[in-house]
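> predicted model follows, preceded by the sequence.
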Amino acid sequence: MSEYQYYEFLAIDRPLTEQQQAEVRALSTRAHITATSFTNEYHWGDFHGDPSRMMERYYDAHLYLANWGTHRIMLRLPKALLDPEQAECYCVGDQVGVWTSGAHLILDFTSEAEEEYWENDVERSLSAIVGIRAELAAGDLRPLYLAWLSAYGTWERDEDAFDYEKEDELEPPVPPGLGSLSAPQRALADFLRLDDDLLAAAAEASPPAQPVQHNRTALTAWIGALPAKRKDALLLRVIEEDGAKVRWELLREFGGGITGQAVETGRTVAELLDAAATRRHIREQQEAARRAGEQAQREQERRQARELRLNRLAQDLDAAWNVVETSIGTKKPREYDLAVELLRDLHALAIRDDHVGAFTRRLARLRERHQRKPSLIKRLNDVCLTAE
(Lines give C-alpha, C1' and ligand atoms only; values in the text may rest on other atoms or scores of the structure.)
Protein backbone atom coordinates (compact mmCIF):
# COMPACT_ATOMS: atom_id res chain seq x y z
CA MET A 1 0.00 0.00 0.00
CA SER A 2 1.35 3.44 -0.91
CA GLU A 3 1.91 6.13 1.69
CA TYR A 4 -0.90 8.61 2.25
CA GLN A 5 -0.95 11.88 4.17
CA TYR A 6 -3.75 14.40 4.59
CA TYR A 7 -3.42 18.00 5.77
CA GLU A 8 -6.26 20.38 6.56
CA PHE A 9 -6.22 23.85 8.12
CA LEU A 10 -9.11 26.19 8.92
CA ALA A 11 -9.13 29.92 9.61
CA ILE A 12 -12.17 30.49 11.80
CA ASP A 13 -11.90 33.80 13.62
CA ARG A 14 -10.50 35.80 10.73
CA PRO A 15 -10.01 34.91 7.04
CA LEU A 16 -6.56 35.11 5.51
CA THR A 17 -5.66 38.21 3.54
CA GLU A 18 -4.51 37.97 -0.07
CA GLN A 19 -0.93 38.39 1.13
CA GLN A 20 -1.29 35.61 3.68
CA GLN A 21 -2.83 33.29 1.08
CA ALA A 22 0.13 33.98 -1.20
CA GLU A 23 2.53 33.13 1.64
CA VAL A 24 0.73 29.84 2.28
CA ARG A 25 0.55 29.05 -1.44
CA ALA A 26 4.33 29.37 -1.61
CA LEU A 27 4.52 26.36 0.73
CA SER A 28 2.47 24.11 -1.56
CA THR A 29 1.46 24.67 -5.15
CA ARG A 30 -0.82 21.61 -5.10
CA ALA A 31 -2.94 22.54 -2.09
CA HIS A 32 -6.51 23.81 -2.36
CA ILE A 33 -6.34 27.20 -0.66
CA THR A 34 -9.09 29.69 0.15
CA ALA A 35 -9.32 32.58 2.58
CA THR A 36 -10.57 30.18 5.27
CA SER A 37 -9.09 26.78 4.41
CA PHE A 38 -6.08 24.80 3.25
CA THR A 39 -6.34 21.15 2.18
CA ASN A 40 -3.83 18.85 0.55
CA GLU A 41 -3.08 15.15 0.31
CA TYR A 42 0.06 13.27 -0.61
CA HIS A 43 0.46 9.71 -1.86
CA TRP A 44 4.25 9.65 -2.15
CA GLY A 45 5.59 13.15 -1.54
CA ASP A 46 5.45 15.29 1.58
CA PHE A 47 4.42 18.76 2.70
CA HIS A 48 7.42 21.02 3.24
CA GLY A 49 5.67 23.56 5.45
CA ASP A 50 5.71 23.56 9.26
CA PRO A 51 2.18 22.98 10.64
CA SER A 52 3.09 24.48 14.00
CA ARG A 53 4.36 27.65 12.35
CA MET A 54 1.27 27.82 10.15
CA MET A 55 -0.95 27.60 13.22
CA GLU A 56 0.98 30.40 14.89
CA ARG A 57 0.67 32.71 11.89
CA TYR A 58 -2.49 31.85 9.96
CA TYR A 59 -4.93 29.19 11.16
CA ASP A 60 -7.19 28.26 14.08
CA ALA A 61 -7.57 24.50 13.52
CA HIS A 62 -5.50 21.76 11.89
CA LEU A 63 -5.98 18.06 11.21
CA TYR A 64 -3.28 15.70 9.99
CA LEU A 65 -3.41 11.98 9.40
CA ALA A 66 -1.20 9.41 7.74
CA ASN A 67 -1.97 5.84 6.82
CA TRP A 68 0.93 4.58 8.94
CA GLY A 69 -1.10 5.55 12.01
CA THR A 70 -0.47 9.19 12.93
CA HIS A 71 -3.49 11.31 13.88
CA ARG A 72 -2.96 14.94 14.90
CA ILE A 73 -5.26 17.80 15.88
CA MET A 74 -4.11 21.37 16.61
CA LEU A 75 -6.23 24.27 17.85
CA ARG A 76 -5.45 27.95 18.34
CA LEU A 77 -7.41 30.08 20.81
CA PRO A 78 -6.95 33.52 22.34
CA LYS A 79 -5.09 33.25 25.64
CA ALA A 80 -7.81 35.35 27.23
CA LEU A 81 -10.27 32.49 26.69
CA LEU A 82 -8.19 29.55 27.94
CA ASP A 83 -5.61 29.97 30.70
CA PRO A 84 -2.27 28.48 29.53
CA GLU A 85 -1.44 27.27 33.04
CA GLN A 86 -4.78 25.50 33.25
CA ALA A 87 -4.23 23.86 29.86
CA GLU A 88 -0.72 22.73 30.81
CA CYS A 89 -2.19 20.52 33.54
CA TYR A 90 -3.30 18.18 30.75
CA CYS A 91 0.02 17.95 28.88
CA VAL A 92 1.48 14.47 28.25
CA GLY A 93 4.86 14.11 26.56
CA ASP A 94 4.62 14.33 22.78
CA GLN A 95 0.94 13.39 22.78
CA VAL A 96 -0.59 16.52 24.33
CA GLY A 97 1.29 19.79 23.99
CA VAL A 98 0.51 23.41 24.79
CA TRP A 99 2.39 26.58 23.90
CA THR A 100 1.71 30.27 23.42
CA SER A 101 2.40 32.50 20.46
CA GLY A 102 1.63 36.17 20.84
CA ALA A 103 -1.94 36.56 22.04
CA HIS A 104 -2.80 32.94 21.28
CA LEU A 105 -2.64 29.56 22.95
CA ILE A 106 -2.02 26.53 20.73
CA LEU A 107 -3.06 22.97 21.65
CA ASP A 108 -1.47 19.97 19.96
CA PHE A 109 -3.05 16.49 20.31
CA THR A 110 -1.40 13.43 18.70
CA SER A 111 -2.24 9.72 18.55
CA GLU A 112 0.04 7.04 17.10
CA ALA A 113 -1.01 3.49 16.24
CA GLU A 114 -0.45 0.85 13.62
CA GLU A 115 -3.22 1.07 11.03
CA GLU A 116 -4.49 -2.19 9.54
CA TYR A 117 -6.95 -0.64 7.11
CA TRP A 118 -7.84 2.72 5.65
CA GLU A 119 -11.15 4.53 6.10
CA ASN A 120 -12.00 6.45 2.96
CA ASP A 121 -14.03 9.15 4.73
CA VAL A 122 -11.62 9.88 7.59
CA GLU A 123 -10.43 13.11 5.95
CA ARG A 124 -13.78 14.68 6.79
CA SER A 125 -13.04 14.42 10.50
CA LEU A 126 -11.96 18.05 11.04
CA SER A 127 -15.43 19.42 10.36
CA ALA A 128 -16.78 17.02 12.99
CA ILE A 129 -14.09 17.82 15.56
CA VAL A 130 -13.53 21.56 15.21
CA GLY A 131 -16.53 22.37 17.43
CA ILE A 132 -14.38 21.56 20.47
CA ARG A 133 -12.59 24.86 19.90
CA ALA A 134 -15.72 26.84 20.74
CA GLU A 135 -16.36 24.53 23.70
CA LEU A 136 -12.89 25.17 25.09
CA ALA A 137 -13.36 28.89 24.58
CA ALA A 138 -16.60 28.67 26.57
CA GLY A 139 -14.78 27.03 29.50
CA ASP A 140 -15.52 23.36 28.76
CA LEU A 141 -12.35 21.40 29.63
CA ARG A 142 -13.58 18.01 28.46
CA PRO A 143 -11.61 18.10 25.16
CA LEU A 144 -8.36 18.64 27.11
CA TYR A 145 -9.15 15.79 29.48
CA LEU A 146 -10.04 13.47 26.59
CA ALA A 147 -6.69 14.20 24.94
CA TRP A 148 -4.86 13.51 28.22
CA LEU A 149 -6.77 10.26 28.74
CA SER A 150 -6.20 9.05 25.18
CA ALA A 151 -2.47 9.69 25.56
CA TYR A 152 -2.18 7.37 28.55
CA GLY A 153 -4.56 4.95 26.89
CA THR A 154 -1.78 4.14 24.40
CA TRP A 155 -0.08 2.33 27.28
CA GLU A 156 -2.58 -0.48 26.84
CA ARG A 157 -1.53 -0.87 23.19
CA ASP A 158 2.19 -0.24 23.67
CA GLU A 159 3.90 -1.26 26.92
CA ASP A 160 6.88 0.93 26.06
CA ALA A 161 4.85 4.09 25.56
CA PHE A 162 5.81 5.51 28.99
CA ASP A 163 8.27 4.92 31.80
CA TYR A 164 6.78 2.95 34.66
CA GLU A 165 7.07 5.82 37.15
CA LYS A 166 4.26 7.48 35.17
CA GLU A 167 1.89 4.93 36.72
CA ASP A 168 1.86 7.00 39.91
CA GLU A 169 1.08 10.29 38.17
CA LEU A 170 -2.19 11.84 39.29
CA GLU A 171 -4.85 12.63 36.75
CA PRO A 172 -5.58 16.32 36.13
CA PRO A 173 -8.87 17.90 37.25
CA VAL A 174 -11.80 15.87 35.94
CA PRO A 175 -14.35 18.11 34.19
CA PRO A 176 -18.08 17.55 34.53
CA GLY A 177 -20.02 15.80 31.80
CA LEU A 178 -17.61 13.03 30.73
CA GLY A 179 -20.54 10.65 30.73
CA SER A 180 -22.40 12.69 28.11
CA LEU A 181 -19.97 13.98 25.51
CA SER A 182 -20.97 16.42 22.80
CA ALA A 183 -20.78 15.30 19.18
CA PRO A 184 -17.46 17.13 18.55
CA GLN A 185 -16.02 15.62 21.74
CA ARG A 186 -17.10 12.14 20.66
CA ALA A 187 -15.46 12.71 17.28
CA LEU A 188 -12.26 13.84 19.01
CA ALA A 189 -12.25 10.77 21.25
CA ASP A 190 -12.64 8.51 18.22
CA PHE A 191 -9.94 10.33 16.24
CA LEU A 192 -7.50 10.01 19.15
CA ARG A 193 -8.47 6.34 19.58
CA LEU A 194 -9.69 6.78 23.14
CA ASP A 195 -10.78 3.42 24.49
CA ASP A 196 -14.45 3.37 25.52
CA ASP A 197 -13.79 1.34 28.66
CA LEU A 198 -11.10 3.77 29.79
CA LEU A 199 -13.45 6.69 29.15
CA ALA A 200 -16.23 4.99 31.11
CA ALA A 201 -13.85 4.34 34.02
CA ALA A 202 -12.77 7.97 34.03
CA ALA A 203 -16.36 9.21 33.79
CA GLU A 204 -17.24 7.52 37.10
CA ALA A 205 -15.63 10.47 38.90
CA SER A 206 -17.08 13.12 36.58
CA PRO A 207 -20.04 15.05 37.97
CA PRO A 208 -23.00 15.48 35.66
CA ALA A 209 -23.27 18.73 33.74
CA GLN A 210 -26.05 20.42 31.85
CA PRO A 211 -25.56 23.14 29.24
CA VAL A 212 -26.30 26.58 30.55
CA GLN A 213 -29.53 27.90 29.05
CA HIS A 214 -29.00 31.58 28.32
CA ASN A 215 -32.25 33.25 29.33
CA ARG A 216 -32.82 36.07 26.85
CA THR A 217 -34.41 38.36 29.42
CA ALA A 218 -31.54 37.89 31.87
CA LEU A 219 -28.99 38.28 29.10
CA THR A 220 -30.64 41.50 27.91
CA ALA A 221 -30.60 42.91 31.43
CA TRP A 222 -26.97 41.94 31.92
CA ILE A 223 -25.91 43.59 28.65
CA GLY A 224 -27.88 46.70 29.57
CA ALA A 225 -25.90 47.00 32.80
CA LEU A 226 -22.53 46.99 31.03
CA PRO A 227 -20.74 50.36 31.11
CA ALA A 228 -21.17 52.36 27.89
CA LYS A 229 -17.41 52.74 27.51
CA ARG A 230 -16.96 48.98 27.54
CA LYS A 231 -19.78 48.47 25.04
CA ASP A 232 -18.10 50.91 22.68
CA ALA A 233 -14.83 49.03 22.99
CA LEU A 234 -16.56 45.71 22.34
CA LEU A 235 -18.35 47.05 19.26
CA LEU A 236 -15.08 48.37 17.90
CA ARG A 237 -13.52 44.94 18.32
CA VAL A 238 -16.47 43.34 16.49
CA ILE A 239 -16.03 45.75 13.58
CA GLU A 240 -12.32 44.94 13.50
CA GLU A 241 -13.24 41.28 12.80
CA ASP A 242 -12.86 40.08 16.37
CA GLY A 243 -16.53 39.16 16.74
CA ALA A 244 -16.15 35.50 17.67
CA LYS A 245 -13.75 36.24 20.49
CA VAL A 246 -16.04 38.98 21.82
CA ARG A 247 -19.01 36.61 21.81
CA TRP A 248 -17.07 33.91 23.69
CA GLU A 249 -15.81 36.38 26.27
CA LEU A 250 -19.26 37.78 26.93
CA LEU A 251 -21.01 34.42 27.13
CA ARG A 252 -18.32 33.07 29.40
CA GLU A 253 -18.58 36.13 31.65
CA PHE A 254 -22.36 35.91 31.68
CA GLY A 255 -22.76 32.25 32.46
CA GLY A 256 -20.14 29.94 31.03
CA GLY A 257 -20.58 27.00 28.71
CA ILE A 258 -21.46 24.20 31.13
CA THR A 259 -22.40 24.01 34.77
CA GLY A 260 -20.12 22.57 37.40
CA GLN A 261 -16.42 22.66 38.14
CA ALA A 262 -13.63 20.20 37.43
CA VAL A 263 -12.83 18.01 40.44
CA GLU A 264 -9.59 16.66 41.90
CA THR A 265 -9.94 12.90 42.32
CA GLY A 266 -6.53 11.73 43.48
CA ARG A 267 -6.68 8.82 41.03
CA THR A 268 -3.42 7.69 39.46
CA VAL A 269 -2.79 6.66 35.88
CA ALA A 270 -2.36 3.06 37.02
CA GLU A 271 -5.69 3.11 38.87
CA LEU A 272 -7.47 4.40 35.79
CA LEU A 273 -5.90 1.78 33.53
CA ASP A 274 -6.68 -0.99 36.04
CA ALA A 275 -10.28 0.20 36.33
CA ALA A 276 -10.58 0.18 32.54
CA ALA A 277 -9.14 -3.36 32.35
CA THR A 278 -11.61 -4.57 34.99
CA ARG A 279 -14.51 -2.91 33.21
CA ARG A 280 -13.39 -4.39 29.89
CA HIS A 281 -13.13 -7.89 31.38
CA ILE A 282 -16.63 -7.67 32.84
CA ARG A 283 -18.03 -6.28 29.59
CA GLU A 284 -16.38 -9.00 27.51
CA GLN A 285 -17.75 -11.68 29.84
CA GLN A 286 -21.23 -10.18 29.56
CA GLU A 287 -20.95 -9.96 25.78
CA ALA A 288 -19.73 -13.57 25.59
CA ALA A 289 -22.66 -14.69 27.76
CA ARG A 290 -25.06 -12.71 25.60
CA ARG A 291 -23.63 -14.21 22.39
CA ALA A 292 -23.81 -17.70 23.88
CA GLY A 293 -27.42 -17.12 24.87
CA GLU A 294 -28.29 -15.82 21.42
CA GLN A 295 -26.54 -18.79 19.81
CA ALA A 296 -28.42 -21.21 22.07
CA GLN A 297 -31.68 -19.49 21.17
CA ARG A 298 -30.90 -19.76 17.45
CA GLU A 299 -30.04 -23.44 17.85
CA GLN A 300 -33.27 -24.08 19.69
CA GLU A 301 -35.25 -22.30 16.98
CA ARG A 302 -33.46 -24.34 14.29
CA ARG A 303 -34.24 -27.58 16.14
CA GLN A 304 -37.88 -26.59 16.52
CA ALA A 305 -38.13 -25.65 12.84
CA ARG A 306 -36.59 -28.94 11.79
CA GLU A 307 -38.87 -30.87 14.09
CA LEU A 308 -41.84 -29.23 12.37
CA ARG A 309 -40.42 -30.18 8.97
CA LEU A 310 -39.92 -33.78 10.08
CA ASN A 311 -43.47 -33.97 11.41
CA ARG A 312 -44.80 -32.77 8.06
CA LEU A 313 -42.62 -35.32 6.20
CA ALA A 314 -43.84 -38.13 8.46
CA GLN A 315 -47.41 -37.51 7.31
CA ASP A 316 -46.62 -38.70 3.74
CA LEU A 317 -43.20 -40.31 3.21
CA ASP A 318 -43.98 -41.44 -0.33
CA ALA A 319 -44.80 -37.87 -1.39
CA ALA A 320 -41.47 -36.71 0.02
CA TRP A 321 -39.56 -39.38 -1.92
CA ASN A 322 -41.45 -38.38 -5.07
CA VAL A 323 -40.29 -34.78 -4.59
CA VAL A 324 -36.71 -36.07 -4.33
CA GLU A 325 -37.06 -37.98 -7.60
CA THR A 326 -38.68 -35.03 -9.35
CA SER A 327 -35.89 -32.69 -8.26
CA ILE A 328 -33.20 -35.11 -9.41
CA GLY A 329 -34.99 -35.55 -12.72
CA THR A 330 -34.43 -31.89 -13.61
CA LYS A 331 -30.64 -32.53 -13.73
CA LYS A 332 -30.10 -29.01 -12.40
CA PRO A 333 -27.46 -28.38 -9.70
CA ARG A 334 -29.80 -26.28 -7.57
CA GLU A 335 -32.47 -28.99 -7.67
CA TYR A 336 -29.82 -31.57 -6.74
CA ASP A 337 -29.07 -29.48 -3.63
CA LEU A 338 -32.76 -29.36 -2.71
CA ALA A 339 -33.07 -33.12 -3.17
CA VAL A 340 -30.08 -33.79 -0.93
CA GLU A 341 -31.43 -31.50 1.79
CA LEU A 342 -34.75 -33.33 1.69
CA LEU A 343 -32.95 -36.68 1.89
CA ARG A 344 -31.07 -35.47 4.95
CA ASP A 345 -34.39 -34.63 6.60
CA LEU A 346 -35.75 -38.05 5.64
CA HIS A 347 -32.66 -39.64 7.18
CA ALA A 348 -33.13 -37.67 10.41
CA LEU A 349 -36.79 -38.71 10.47
CA ALA A 350 -35.79 -42.36 10.02
CA ILE A 351 -33.45 -42.14 12.99
CA ARG A 352 -36.08 -40.41 15.12
CA ASP A 353 -38.87 -42.85 14.26
CA ASP A 354 -36.69 -45.99 14.17
CA HIS A 355 -37.05 -47.00 10.53
CA VAL A 356 -33.44 -46.55 9.40
CA GLY A 357 -33.49 -49.90 7.57
CA ALA A 358 -36.34 -48.88 5.27
CA PHE A 359 -34.67 -45.54 4.55
CA THR A 360 -31.34 -47.17 3.75
CA ARG A 361 -32.95 -49.58 1.28
CA ARG A 362 -34.79 -46.77 -0.56
CA LEU A 363 -31.62 -44.67 -0.63
CA ALA A 364 -29.63 -47.58 -2.06
CA ARG A 365 -32.15 -48.03 -4.86
CA LEU A 366 -32.08 -44.28 -5.57
CA ARG A 367 -28.28 -44.25 -5.77
CA GLU A 368 -28.34 -47.24 -8.12
CA ARG A 369 -30.86 -45.56 -10.43
CA HIS A 370 -28.80 -42.39 -10.62
CA GLN A 371 -25.30 -43.81 -10.46
CA ARG A 372 -24.45 -42.15 -13.79
CA LYS A 373 -24.99 -38.71 -12.29
CA PRO A 374 -21.58 -38.04 -10.70
CA SER A 375 -22.52 -34.55 -9.50
CA LEU A 376 -25.48 -35.94 -7.58
CA ILE A 377 -23.52 -38.90 -6.18
CA LYS A 378 -20.79 -36.55 -4.96
CA ARG A 379 -23.35 -34.42 -3.15
CA LEU A 380 -24.76 -37.53 -1.47
CA ASN A 381 -21.32 -38.75 -0.45
CA ASP A 382 -20.37 -35.33 0.93
CA VAL A 383 -23.20 -35.54 3.48
CA CYS A 384 -22.65 -39.25 4.20
CA LEU A 385 -25.80 -40.50 2.43
CA THR A 386 -24.02 -43.63 1.24
CA ALA A 387 -26.65 -46.31 1.92
CA GLU A 388 -24.17 -48.38 3.93
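Perfect, thanks for sending it. Numbering: from 1, shown residues only.

> elements contacting the strand or helix carrying Arg362?
Assigned by DSSP states H and E, Arg362 belongs to helix 356-369. With contacts taken as 3 or more CB pairs under 8 Å, 6 or more residues apart in numbering; DSSP states H and E, helix 356-369 sits against helix 317-329, helix 333-353. In this view, the C-beta of every residue, glycine as well, is placed from N, C-alpha and C.

> hmm, try it at 10 Å
Contacts defined by 3 or more CB pairs under 10 Å, 6 or more residues apart in numbering; DSSP states H and E place helix 356-369 against helix 317-329, helix 333-353, helix 374-382.

> out of those helices, nearest to Pro78?
The closest of the helices and strands packed on helix 356-369 to Pro78 is helix 333-353. By CB to CB, the value is 70.6 Å.

> most tightly surrounded among the helices and strands packed on helix 356-369?
Ranked by mean neighbour count, those are led by helix 333-353 with a mean of 16 (mean count of other CB atoms under 10 Å).

> now do that helix against helix 317-329, angle only.
Put simply, helix 333-353 runs at 150 degrees to helix 317-329, going by axes from the mean of the first three to the mean of the last three CA atoms, to 10 degrees.

> for the record, mean pLDDT for helix 333-353?
What helix 333-353 shows for mean pLDDT is 94.

> again with stretch 147-163
81.

> could you do stretch 270-284 as well?
Across stretch 270-284, the per-residue pLDDT values average to 93.

> can you list contacts of that stretch?
By CB atoms under 10 Å, 6 or more residues apart in numbering, the residues outside stretch 270-284 that reach it are 149, 152-153, 155-156, 164, 166-171, 195-202, 204-205, 265, 267-268.

> 8 Å - rerun?
149, 152-153, 155-156, 167-168, 171, 195, 197-198, 200-202, 204 (CB atoms under 8 Å, 6 or more residues apart in numbering).

> helix or strand for Leu65, which one?
Taking DSSP H and E as the criterion, Leu65 maps to strand 61-66.

> buried set for that strand?
Under the neighbour-count criterion of 16 or more other CB atoms under 10 Å, strand 61-66 has Ala61, His62, Leu63, Tyr64, Leu65, Ala66 buried.

> so what's the first one up against?
By that I understand Ala61. Taking CB under 8 Å, 6+ apart, we find Ala61 in contact with Phe9, Leu10, Ile12, Ile73, Met74, Leu75, Arg76, Leu126, Val130, Arg133.

> now, these that are in strands?
If you go by DSSP state E, the contacts of Ala61 have Phe9, Leu10, Ile73, Met74, Leu75, Arg76 in strands.

> can I have the buried ones of those residues as a ChimeraX selection?
With 16+ other CB under 10 Å as the criterion, this ChimeraX line picks the buried residues out of the ones in strands among the contacts of Ala61:
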select :9,10,73,74,75,76
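
> could the ones in strands among the contacts of Ala61 go into TSV alongside distance to Glu301 and pLDDT?
Shown next, in TSV, are the ones in strands among the contacts of Ala61 (distance: CB to CB, whole Å; pLDDT from 0 to 100):
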residue	distance to Glu301	pLDDT
Phe9	55	96
Leu10	53	96
Ile73	48	98
Met74	54	98
Leu75	53	98
Arg76	58	97
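
> including distance to Leu250, could the ones in strands among the contacts of Ala61 go into a markdown table?
A markdown table is the format used below for these (distance: CB to CB, whole Å):
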| residue | distance to Leu250 |
| --- | --- |
| Phe9 | 27 |
| Leu10 | 23 |
| Ile73 | 27 |
| Met74 | 26 |
| Leu75 | 21 |
| Arg76 | 20 |
